[in-house]
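>>> All I have is the shape, not the residue letters:
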Ligand SMILES: C[S@@+](CC[C@H](N)C(=O)[O-])C[C@H]1O[C@@H](n2cnc3c(N)ncnc32)[C@H](O)[C@@H]1O
């Protein structure tokens, strides 16, 4: 029997969430919101940090000039590469999950738009989240927009369930949301979440880190991700 993951990095490394219909549905809901908030257009070079299986990148690729993804999970990097195989020039790089400030091979370029969606809550501590925000700003071209989205402000499974249902109510997908909540209870993700929890951050603290690095920073509480209770950070270089 394999030991349960001791960290989220181990979970993302070992657990097969690839091809997950929920990831695909979340990406279908989130990608248009990200495109709107980041004001994506044909001149944009987009970097997705913590791109997972590449669902969001694949959805956004037709909107922009180029796409690059990075992720700390070798199996998800492979999945994203396969998903983006038909997208000209797309690159997906493996980074060290234990070094959130190190964007590896992606750091050799500058990007006009950067996305980091549903990643910060899986970092070990707030210092890692701050290092990640600084790293995003370092690879941002002048005028770049950066969206760090789906931030957990208080780690509560009840608040997340209510947030999921609120979004589902607005989108007319309540039946799917109930089924998803039922599945979550018995899932590997649900078990790890119950044991390890998620990293909660104060978005105003991350905004302050960005301002100290010379960026404009705004905290958004618009319901742009699948969970209406999450917050988002919009930065401008
Ligand atoms: C919930 S998934 C989100 C995937 C994708 N952003 C999406 O919205 O579909 C979290 C992802 O963050 C990645 N991740 C977590 N910590 C990371 C780190 N320090 N560096 C790079 N990727 C990381 C995981 O490997 C996983 O793919």
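Arrived safely. In this text the structure is predicted, and so the values were computed from the model without any measurement.

>>> Could you identify the helix or strand that succeeds whatever helix or strand residue 166 lives in?
Using DSSP states H and E, residue 166 sits in helix 157-171. With elements assigned by DSSP H and E, the helix or strand that comes after helix 157-171 is helix 174-185.

>>> The helix holding residue 166 to helix 174-185, inter-axis angle?
For helix 157-171 against helix 174-185, the angle by axes from the mean of the first three to the mean of the last three C-alpha atoms, to 10 degrees is 160 degrees.

>>> What lies in contact with helix 157-171?
29, 174, 176-178, 180-181, 193-194, 223, 225-230 (C-beta atoms under 8 Å, 6 or more residues apart in numbering). C-beta here means a position set from N, CA and C on the backbone, and glycine is covered the same way.

>>> And the helices in the protein, which stretches?
Secondary structure of the chain (DSSP state H): helices at 8-14, 21-37, 55-60, 74-83, 126-138, 157-171, 174-185, 188-196, 203-212.

>>> of these, which approaches residue 116 most closely?
helix 126-138 (6.3 Å; C-beta to C-beta).

>>> quick one on the thing from earlier: right, is the helix holding residue 166 up against the ligand?
No - on the criterion C-beta under 6 Å from any ligand atom, helix 157-171 is out of touch with the ligand, staying 12.6 Å away.

>>> Any buried residues in that helix, and which?
By neighbour count on 16 or more other C-beta atoms under 10 Å, the buried set for helix 157-171 is 159, 160, 161, 163, 164, 165, 167, 168.

>>> Kindly report the same for stretch 40-51.
In stretch 40-51, counting by 16+ other C-beta under 10 Å, buried: 40, 44, 45, 46, 47, 48, 49, 50, 51.
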